[in-house]
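Colleague: Sequence first, then the predicted structure:
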Amino acid sequence: MNSLRLLKTTACAAMAWAALAAPSLAATFSNNWSFVDTISGQTVSGVISGLENGDGLSADGLTITVTTSPYDVMLGEYTFDFGANSGDPSLPDTYSAAGGVITFANFIYANEVGEFLTFGSAPGGGTRYPYFVSYNTLEEAYNQTSGMQFSAVSAPGGVPEPASWALMIGGFGLAGAALRRRQATTSAAA
């Protein structure tokens, strides 16, 4: 009887811990992005992190990494949100995403040394086009005819979160206790 009480207490504690566990960061995701530079014909690409699914989301707080570029000065990470909507309130710094992939982008990111990266998924019609400029070296990459391409970053195999482990272990414990109790009842009746 004591072992059953201990098992129940453990299961309740596991479920309470799972319910109180910190929210998962699994709600955010990353996308690969790229565009072909009109000037050099080379691809400019990287990863954008901290995204969420939804419409008209603020671009504040995203992390932009540039991994390939015709110009080395453009490589690196961009986390400082310049908040530069070019003085035009009709062009807010926003994006939309569904199913873990950006469906619309219209924002500017910059770093402290004067490199600006404009994310635009559909040039024209009041949205920005992909544009990258270094005001220090005056090098630029852009594409005014096609927008940026976005794709999901493939995630490594799924590993359950601690809360999931707790629920799973608690479930196995309760199933084991039920089987043990059932066998004890069957043995006593025989």
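Modeller: Arrived safely, thanks for sending. Numbers count the residues shown, from 1 in each chain.
Colleague: what about the longest helix in this protein?
Modeller: Criterion DSSP state H: the longest helix present in the chain is helix 162-189.
Colleague: list the buried ones in that one?
Modeller: For helix 162-189, a neighbour-count test (16 or more other CB atoms under 10 Å) marks 163, 166, 167, 170, 173, 174, 177 as buried. Yep, even glycine has a C-beta here, placed from its N, CA and C like the rest.
Colleague: Check stretch 136-147 too.
Modeller: 139, 140, 141, 142, 143, 147.
Colleague: Can you check what pLDDT the model gives the first one?
Modeller: This points to residue 139. Per-residue pLDDT puts residue 139 at 87.
Colleague: could you measure the residue nearest to it when sequence neighbours are not counted against residue 95, distance?
Modeller: Computed as CB to CB, 6 or more residues apart in numbering, the closest residue to residue 139 that is not its neighbour in sequence is residue 71, at 4.4 Å. Distance, residue 71 to residue 95, by CB to CB, to the nearest Å: 25 Å.
Colleague: Same question for residue 108.
Modeller: 12 Å.
Colleague: Name all residues that sit in contact with these two at the same time.
Modeller: Listed as contacting both residue 108 and residue 95 by CB atoms under 8 Å, 6 or more residues apart in numbering are residue 119.
Colleague: Compare the two (neighbour count), which wins?
Modeller: Neighbour tally, residue 108 and residue 95, criterion other CB atoms under 10 Å: the higher count belongs to residue 95, 24 against 20.
Colleague: nearest residue to the more buried one other than its sequence neighbours?
Modeller: Per CB to CB, 6+ apart, closest to residue 95 is residue 105, 4.6 Å.
Colleague: burial measure for the residue nearest to residue 149 when sequence neighbours are not counted, as a count.
Modeller: Sequence neighbours aside, residue 34 is the residue nearest to residue 149 in space, at 5.2 Å (criterion: CB to CB, 6+ apart). Residue 34 has 15 neighbouring residues, counting by other CB under 10 Å.
Colleague: That concludes my questions; thank you for your assistance.
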